[in-house]
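[1] sequence-free structure coming up:
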DNA sequence: CACCGCTCGGTTGCATGCAATCCTTGCCAT
DNA sequence: ATGGCAAGGATTGCATGCAACCGAGCGGTG
């Protein structure tokens, strides 16, 4: 049985990232304690961690709110990701074992299915898949400091807009980027994967904050 | 009166960064609570934050230890810094007001004095000055995500080796880099400052982990 | 004599109670 | 009517007590 604080943190993370709890929502300790059936102490610790990850903001004596990201920080976040994530992918490629490549394949394929225009399209589900996809590369880079620096930042981008206002063609591009990235990884071509990741991020940035760097 | 948890975090941060508490030291909650005259609750919160900053590592049910950095993460840390900090400096330059430039001047001059070879040389004191110097630039970049990503990482480099095993000429170079960086900033030459920061980091990396990227 | 299991001391993790702080609402003065 | 202010309610921050877990030392067994 894992610690209650960790469990609470995971639950909250999930709910925030999935959009179940909208941005800016006030997170009262007592409420959360009641909802998750634990005391306020582990809740406080969970909130503390999520604040470190950048998912919630804590104001002293004024409680915690789900972080709200405006356009400005978002630009900076993409600036950061562009500097780090392509590099991370290149580092990750040589470290990917067969089973990880398979998992990446599965994730990319699942996103492609889930994102196909039509009645089954489930944009919400993509968020989590995408998070795992990027997270897998980042972890495989094998650099804890790099992973730490990117964690919060990728979260943030995911939260703001859950793919919902991707233009259809941009979304398709994005999903195919994933597929191509796995192909590059499977070929052991780190620089190829890096290039695709860079394009992937430019594409995302363009749809999220409009063109014009 | 600021919160006890914050105060405890600052105290510990200070002691760890100054080297008063060596790497790997076990941090018992009860001990710290006694030493800082607060309860264990704010101590736990402080440790949690420091863990997020990467200064301490906590293992579930096994307490917290001062983080210990080996050579490998150090390489990665410099890789990160090289990607982020020169950029941060360039962004910071246009945002620096007169009083901040003066403060940077003071810091650079103080480090120069304190690091001058001879009997007054006080390498320990440089650590804190250096931290403030870099921190000022990072904050002035005006990008919270960037600052967050760099915070922990600059801490780490500072902790490991407190300038003590800088070769004398490398140390002098490093201190003069600071001066030149302020000059560049005062001239409003962001790219100049960026270039110097890059050299500054290469110099530091060479002395810390040996040449050869 | 070496190795495994067990008990016990110590530490972390969690719950709860209390004090301090902040926000709100209603009242009063201008 | 509007602005300032004070009291009430609610919430956070901290302290303390208890339970769960980990590690060390000892006794038993092969």
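    Ah, there it is. It should be emphasised that the depicted structure is a prediction, and the values quoted were computed from it without experimental measurement.
[2] measure residue A:55 to residue A:11 for me?
    Noted for residue A:55: a distance of 12 Å to residue A:11, by Cβ to Cβ, to the nearest Å. Glycine gets a C-beta too; all of them are placed from N, C-alpha and C.
[3] got the contact list for the nearest residue to residue A:23 once chain neighbours are set aside?
    Residue nearest to residue A:23 in three dimensions, not counting chain neighbours: residue A:68, with 4.5 Å by Cβ to Cβ, 6 or more residues apart in numbering or on different chains. Taking Cβ atoms under 8 Å, 6 or more residues apart in numbering or on different chains, we find residue A:68 in contact with A:23, A:24, A:57.
[4] counting neighbours, which of those residues comes out on top?
    residue A:57 (16 neighbours; other Cβ atoms under 10 Å in any protein chain shown).
[5] please compute how far the strand or helix carrying it lies from its chain's middle.
    Per DSSP states H and E: residue A:57 is located in strand A:56-59. How far strand A:56-59 lies from its chain's middle: 19 Å, per Cα atoms, centre = their mean, to the nearest Å.
[6] give me the three-state assignment for the nearest residue to residue A:26 once chain neighbours are set aside.
    Residue nearest to residue A:26 in three dimensions, not counting chain neighbours: residue A:65, with 5.5 Å by Cβ to Cβ, 6+ apart. Using DSSP: H, G, I helix; E, B strand; the rest coil, the structure places residue A:65 in strand.
[7] so what's the residue count around residue A:65?
    Neighbour count of residue A:65, defined by other Cβ under 10 Å: 15.
[8] please determine how far it is located from residue B:20.
    36 Å.
[9] so who does residue A:41 touch?
    A:5, B:41.
[10] let me know the pLDDT of it.
    For residue A:41, the pLDDT comes out at 96.
[11] now swap in residue A:182 and tell me
    Note on residue A:182: pLDDT of 97.
[12] pretty sure it sits against residue A:101.
    Yes. Using Cβ atoms under 8 Å, residue A:182 is in contact with residue A:101, at 6.7 Å.
[13] give me the more crowded residue out of those two.
    The neighbour count for residue A:182 versus residue A:101, taken as other Cβ under 10 Å, is higher for residue A:182 (25 against 16).
[14] what about the more buried one, is that helix, strand or coil?
    Using three-state DSSP, the structure places residue A:182 in helix.
[15] and it, what does it touch?
    A:101, A:104, A:105, A:108.
[16] chain neighbours aside, what residue packs nearest to it?
    Nearest one to residue A:182, counting by Cβ to Cβ, 6+ apart, is residue A:104 at 4.6 Å.
[17] which residues touch the one you found?
    With Cβ under 8 Å, 6+ apart, residue A:104 has these contacts: A:96, A:133, A:136, A:137, A:181, A:182, A:185.
[18] repeat that for 10 Å
    Residues near residue A:104 by Cβ atoms under 10 Å, 6 or more residues apart in numbering or on different chains: A:96, A:132-133, A:136-137, A:140, A:178-179, A:181-183, A:185-186.
[19] hang on, it in a helix?
    Yes. Applying three-state DSSP, one finds residue A:104 inside a helix.
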